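Engineer: here are the coordinates; sequence isn't available:
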């Protein structure tokens with residue numbers, strides 16, 4: 001299917017599609033225009049037969065401006081660009097090139113095994129590649145890839161000048177969920193797709209998020225951000241997780257997650273996390289937690305912003321590794337590693353271990369770097385190495401809060417040319 005024009009509108013439950021129901025492959029969809037609007041309409045390729053291995057077709061869009069919108073008050077349910085495989089053939093890849101991509105409640109996604117009766121195997125979900133100058137996402141918009149089978153999830157890759165996510169449930173995510181359905185056989189599930197963002201400026205605000213997660217027997221994907229400036233603010237979040245709090249399938253059965261969480265790797269000139277913004281790696285079940293690694297010229301955690309690694313059950317928590325010329329934790333900002341179960345908490349390394357040390361670490365105004373345990377698992381250690389370390393009304397602390405047969409607190413190490421501990425600051 002090929003469409004080319006100055007303005008292309010796909011509106012109000014209209015569809016542009018290519019499907020396969022058997023062993024043959026679906027066709028490619030190519031769309032090229034100055035302005036392409038998908039408003040309550042859909043562009044879709046599917047491999048629909050769960051018994052066959054036909055491959056879903058790819059989707060290629062080139063535009064100056066691409067708008068994908070779901071009008072919540074219209075009564076329509078689309079505003080969608082998607083490629084699904086419900087069988088053993090792979091999903092279609094998706095390539096978008098534009099000056100501006102605007103997602104207003106709309107969705108771009110690829111999926112393997114969504115609403116499929118297959119019990120094992122499964123095709124790989126398609127990759128999503130987006131090359132744009134500016135991406136704006138709001139009102140619950142999503143870019144996602146998921147696997148519900150033993151096929152891997154697709155990679156989400158975004159490159160350009162600016163990426164802005166705003167609003168509750170607005171998200172870029174990948175998801176592995178093999179084992180969540182009652183008919184899934186034993187065995188390892190597909191790995192969730194990697195999220196790779198190479199954009200000059202990233203803003204994640206007002207409850208929006210980037211996440212990679214596992215809920216089942218497949219591992220979560222890795223998140224990689226390479227940017228000149230990253231701002232996570234107003235309850236914005238970047239998260240990697242394994243397991244769920246309730247341990248339930250959609251049908252009420254027990255679900256034990258054995259898949260590991262993926263790592264989060266951030267490289268930036270400037271990283272700011274504040275106003276309850278969060279970057280976290282966690283495990284809530286038997287899977288292992290991922291590592292949080294940050295390499296930035298400047299890192300500021302402020303106004304209840306948090307960098308977190310937590311474990312809640314058997315899996316061990318991931319380490320937090322930070323390399324920065326200047327690290328500031330202030331105004332009740334926190335870097336935290338914790339255990340509430342049998343798994344050991346991860347350690348916090350600031351300028352040590354795998355990463356070289358910053359020149360300055362400043363913890364003031366109720367800022368905290370803490371490692372703790374409430375369960376049988378051990379608390380992580382804290383190592384800080386810098387040219388100058390200054391604590392003023394702040395805290396660096398490793399603590400065991402467990403009762404009875406609880407885990408031990410970790411070791412705290414500070415190393416620097418100048419170390420100042422002032423004005424009710426605590427190290428312990």
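Structural biologist: That came in fine, so what should we check first? This one's a predicted model, so the numbers in the text were calculated from it and none came from an experiment.
Engineer: hey, where'd the helices end up in the stretch 151-300 of the chain?
Structural biologist: Ranges of helices in the stretch 151-300 of the chain, per DSSP state H, counting those that start in this stretch: none exist.
Engineer: where does the prediction get shaky in it?
Structural biologist: 182-184, 249-252 (pLDDT under 70).
Engineer: kindly recompute the last result at 80.
Structural biologist: Where the stretch 151-300 of the chain drops to pLDDT under 80, the residues are 178-187, 216, 244-259.
Engineer: could you list every residue that touches the residue nearest the centre of the chain?
Structural biologist: Among the residues of the chain, the one closest to the centroid is residue 211, at 1.9 Å (C-alpha atoms, centre = their mean). Taking C-beta atoms under 8 Å, 6 or more residues apart in numbering, we find residue 211 in contact with 171-174, 223, 237-241. From N, CA and C alone the C-beta is placed, and that goes for glycine too.
Engineer: equivalent analysis for residue 84, please.
Structural biologist: Residue 84 sits next to 44-48, 56, 91, 110-112, 114 when contact means C-beta under 8 Å, 6+ apart.
Engineer: helix/strand/coil for it?
Structural biologist: Following DSSP: H, G, I helix; E, B strand; the rest coil, we place residue 84 in the strand state.
Engineer: that one pairs with what?
Structural biologist: Applying DSSP bridges to residue 84 gives these bridge partners: residue 46, residue 111.
Engineer: tell me how far it lies from residue 59.
Structural biologist: To residue 59, residue 84 is 12 Å away according to C-beta to C-beta, to the nearest Å.
Engineer: need the residues touching each of those two.
Structural biologist: residue 45.
Engineer: could you give the bridge partners of residue 94?
Structural biologist: Beta-bridge partners, per DSSP bridges, of residue 94: residue 59, residue 128.
Engineer: any chance of the contacts of residue 211 in CSV, plus neighbour count?
Structural biologist: Listed next are the contacts of residue 211 as CSV, based on neighbours: other C-beta atoms under 10 Å:
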residue, neighbour count
171, 22
172, 29
173, 22
174, 33
223, 28
237, 20
238, 27
239, 22
240, 32
241, 24
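Engineer: nearest to residue 411, of these?
Structural biologist: residue 240 (26.0 Å; C-beta to C-beta).
Engineer: OK, contacts around that closest one?
Structural biologist: With contacts defined as C-beta under 8 Å, 6+ apart, the neighbours of residue 240 are 211-213, 220, 222-223, 261-264, 280-282, 290.
Engineer: of those residues - the most surrounded one?
Structural biologist: With neighbours taken as other C-beta atoms under 10 Å, the top of the contacts of residue 240 is residue 261, carrying 35 neighbours.
Engineer: ok so, going back, need the contacts of residue 240 in a markdown table with distance to residue 66, can you?
Structural biologist: Shown next, in a markdown table, are those (distance: C-beta to C-beta, whole Å):
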| residue | distance to residue 66 |
| --- | --- |
| 211 | 23 |
| 212 | 25 |
| 213 | 27 |
| 220 | 29 |
| 222 | 27 |
| 223 | 24 |
| 261 | 32 |
| 262 | 29 |
| 263 | 31 |
| 264 | 28 |
| 280 | 32 |
| 281 | 33 |
| 282 | 34 |
| 290 | 32 |
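Engineer: much appreciated, bye for now.
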